[in-house]
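Enquirer: Below: sequence and its predicted model.
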Amino acid sequence: MVKLLLWGVDHTLITTGGVGQEIFADCFERVTGQVMTERAPADGMTEPAVFRRTAELHGLTGDRPMVEAFARLSAEQHRARAVELRERGRALPGAADALAAVARLGDTVQSVVSGNIAAVADAKLTTFGLDTRLRLPLGGYGEDHEERSELVRVALQRTRSTLDTPLTAESAVLIGDAPSDVAAGLIHGVRVLAVATGNSTVAELRDAGADGVLPDLTDPGALLDALADR
């Protein structure tokens with residue numbers, strides 16, 4: 001039985017140091033013709049949903065062609081600004097070692113569940129050298145569905161289909177940094193390990209129902225122990 005570990009991206013494995021927010025604002029203006037004066041809350045929302053709701057805050061209808069144009073431009077800008085992203089952003093402490101430690105288990109496939117569109121998630125992870133341990137085509141991304149919980153379902157199904165495995169939700173683990181990540185995993189019966197590397201505290205993540213909580217990813221041994229603890 002293939003085991004599946006699904007990682008969050010922003011604030012779980014990497015931070016863009018503000019570059020991502022600047023790209024969002026720039027792409028919003030170029031697609032809509034309006035300067036972005038406010039942005040919809042991003043926590044728990046996918047990137048296309050954030051764009052659409054931000055457009056609504058500016059009196060616009062974020063229709064599908066506009067969302068798709070924004071997604072294409074965002075991917076282009078993340079690739080074009082890779083050097084700046086590397087200079088201002090970073091892989092979070094322990095992220096690379098954590099991915100390597102799980103890879104050494106040998107029986108676990110690693111991918112991601114991210115509100116980013118797939119091309120943006122790929123650009124971010126590649127910029128910081130975190131893509132090599134991840135089977136990114138198996139993941140769930142912002143363009144797959146606006147509901148974050150549905151991205152977990154998509155990732156499970158893609159893994160089953162691509163690897164021709166009877167993977168069950170009980171054999172998968174989601175690692176994220178926010179209560180929305182916890183909810184997205186639990187609704188599908190996926191075990192959730194949370195890391196307090198984002199805007200949520202250890203206590204808040206425990207209260208959200210995470211099966212386990214780590215302060216960060218700096219101790220690979222603690223991570224493996226948490227993954228083994230059922």
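Expert: Nice, I can see it.
Enquirer: how far away is V213 from L174?
Expert: Separation of V213 from L174 (C-beta to C-beta, to the nearest Å): 13 Å. Where C-beta positions appear, they are placed from N, C-alpha and C, glycine not excepted.
Enquirer: Compare those two and say which is more crowded by neighbours.
Expert: Taking neighbours as other C-beta atoms under 10 Å, V213 and L174 compare with L174 leading, 28 against 21.
Enquirer: residues in contact with that one?
Expert: 6, 8, 113, 152, 181, 184-185, 190-193 (C-beta atoms under 8 Å, 6 or more residues apart in numbering).
Enquirer: do V202 as well
Expert: 196, 213, 215.
Enquirer: can you count the residues close to K3?
Expert: 17.
Enquirer: Quick check: closest non-adjacent residue to it.
Expert: The shortest distance from K3 to any non-neighbouring residue, by C-beta to C-beta, 6 or more residues apart in numbering, is to T108 (4.4 Å).
Enquirer: Run a quick neighbour tally on that neighbour.
Expert: For T108, the neighbour count with other C-beta under 10 Å is 16.
Enquirer: do you know how far it is from E150?
Expert: T108 is 23 Å from E150, by C-beta to C-beta.
Enquirer: what does E47 give?
Expert: From E47 across to E150, the span is 14 Å (C-beta to C-beta).
Enquirer: More neighbours: those two, which one.
Expert: E47 (25 against 17).
Enquirer: quick one: the helices in the protein?
Expert: When assigned using DSSP state H, the helices of the chain occupy the ranges 19-32, 47-57, 64-80, 82-88, 95-103, 118-127, 148-163, 179-186, 202-207, 220-228.
Enquirer: Would you mind writing the CA trace of the last one as PDB?
Expert: Listed in PDB are the C-alpha atoms of helix 220-228, where the atom choice follows Å, rounded to 0.1, in the frame of the first residue of the first chain:
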ATOM      1  CA  PRO A 220      13.300  15.500  11.500                       C
ATOM      2  CA  GLY A 221      13.200  12.900  14.300                       C
ATOM      3  CA  ALA A 222      10.200  14.600  15.900                       C
ATOM      4  CA  LEU A 223       8.500  14.800  12.500                       C
ATOM      5  CA  LEU A 224       9.000  11.000  11.900                       C
ATOM      6  CA  ASP A 225       7.800  10.200  15.400                       C
ATOM      7  CA  ALA A 226       4.700  12.300  14.800                       C
ATOM      8  CA  LEU A 227       4.000  10.600  11.500                       C
ATOM      9  CA  ALA A 228       4.400   7.200  13.100                       C
END
